[in-house]
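Visitor: Okay, predicted coordinates and the sequence, questions at the end:
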Amino acid sequence: MNKKIILVIAVVATAIGVGLVMRWGAGSRMDAPAGKAAELLAEAKKSELQGDLLGAKNMYQQLVGEFPNARPVMDWQKKIEDLTMRLLFSPVITAKSVEYEVKPGDSLEKIAREHKTTVELIKRSNNLSSENIFPGKKLKVWTAPFSVVVDKSQNTLILKSDEEIFKTYTIASGTNNSTPVGTFKIIEKLVNPPWYKPGGGMAPPGSPENILGTRWMGLNKEGYGIHGTTEPKSLGTQSTAGCIRMLNAEVEELYGIVPQGTEVTIVD
């Protein structure tokens, strides 16, 4: 990185820090920590601009830990989720992933199965445009289990690994609180699923009548699952027959991350 770019980064980071102090306001009870928080925020922004996503995430986590009552804390938490997802989809090796060297006879499907991850996640985190791999190639492979928590009262779906929150999605749940409560597992995954209507007949993939959208993740409770939608305006409400409905682009993202066997906990 040349000196001119580094200078620009430093100026931007300093300006952000000054802006934070002004946002909290002189004479407020936040005056004392605002200076340190501004420094941490400036460092976080600088790290992100330099491509150090892990360093930036650590700085935001420090901000949230040291200043949990600060007015911008919700913004910091959202930034942590954003950086966490960007790290997940990048080649950067983290504590929950490994560098795997491809062996003769390997395929992405085999590697994904052995590490309990998905082919889609391996491809995306290694910027692969196809499934063609060769012995000796090094790949980032995710190794930690994911879990999903659905909160019906908030109509949110949270993607987690251990206790770390990766992303919070807005969903639609069952009318009259009809989505079942409990702990389940994803036992079926389908791309562009057909929808078999309750009264008979089938709506094919892509049909405006197909309420399942572009993905289906069936749970080990017959008839229930996580799927896309043809009614995005319904998200954030209790409006389904009991399933968990997501925006198509977001259910596609989730589908590519979580393998079969992923635990799904649904709470009131």
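Guide: Okay, I see it.

Visitor: Next, name the residue at the spatial heart of the chain.
Guide: Taking Cα atoms, centre = their mean, the centroid of the chain lies closest to residue 167, which sits 3.6 Å from it.

Visitor: Sketch out the low-pLDDT regions of the stretch 1-150 of the chain for me.
Guide: Applying pLDDT under 70 to the stretch 1-150 of the chain flags the ranges 1-33.

Visitor: which residues in the stretch 101-250 of the chain form strands?
Guide: 138-142, 147-151, 156-161, 164-170, 173-174, 182-191, 195-196, 202-203, 215-219, 225-227, 238-240, 244-245 (DSSP state E, counting those that start in this stretch).

Visitor: I'd like to know how many residues surround residue 175.
Guide: 13 (other Cβ atoms under 10 Å). All C-beta spots, glycine's among them, are computed from the backbone N, C-alpha and C.

Visitor: Same check on residue 256?
Guide: Residue 256, neighbours per other Cβ under 10 Å, totals 16.

Visitor: Name the helix or strand for it, please.
Guide: Using DSSP states H and E, residue 256 maps to helix 248-257.

Visitor: Show me the chain divided up by domain.
Guide: Taking automatic domain parsing as the reference, the chain has its domains at 3-88, 97-142, 147-267.

Visitor: just to revisit the earlier point, quick one: residues contacting the residue nearest to the centre of the chain.
Guide: By Cβ atoms under 8 Å, 6 or more residues apart in numbering, the residues touching residue 167 are 81, 84, 85, 158, 159.

Visitor: Residue 56 - that's part of a helix, no?
Guide: Yes: the assignment for residue 56 (DSSP: H, G, I helix; E, B strand; the rest coil) places it in a helix.

Visitor: so how far is residue 102 from it?
Guide: 30 Å (Cβ to Cβ, to the nearest Å).

Visitor: Who has more neighbours out of those two?
Guide: Neighbour count, other Cβ under 10 Å: between residue 56 and residue 102, residue 56 has more, with 24 against 16.

Visitor: Is that one in contact with residue 83, as I believe?
Guide: Yes: the pair residue 56 / residue 83 is scored as a contact, 5.8 Å apart, by Cβ atoms under 8 Å.

Visitor: Overlap in contacts, those two.
Guide: residue 48.

Visitor: need the helices for the stretch 1-150 of the chain, in chain order.
Guide: 3-24, 31-49, 53-66, 73-88, 108-115, 119-125 (DSSP state H, counting those that start in this stretch).

Visitor: Can you get me the start-to-end distance on stretch 192-206?
Guide: End-to-end distance for stretch 192-206, by Cα to Cα, to the nearest Å: 7 Å.
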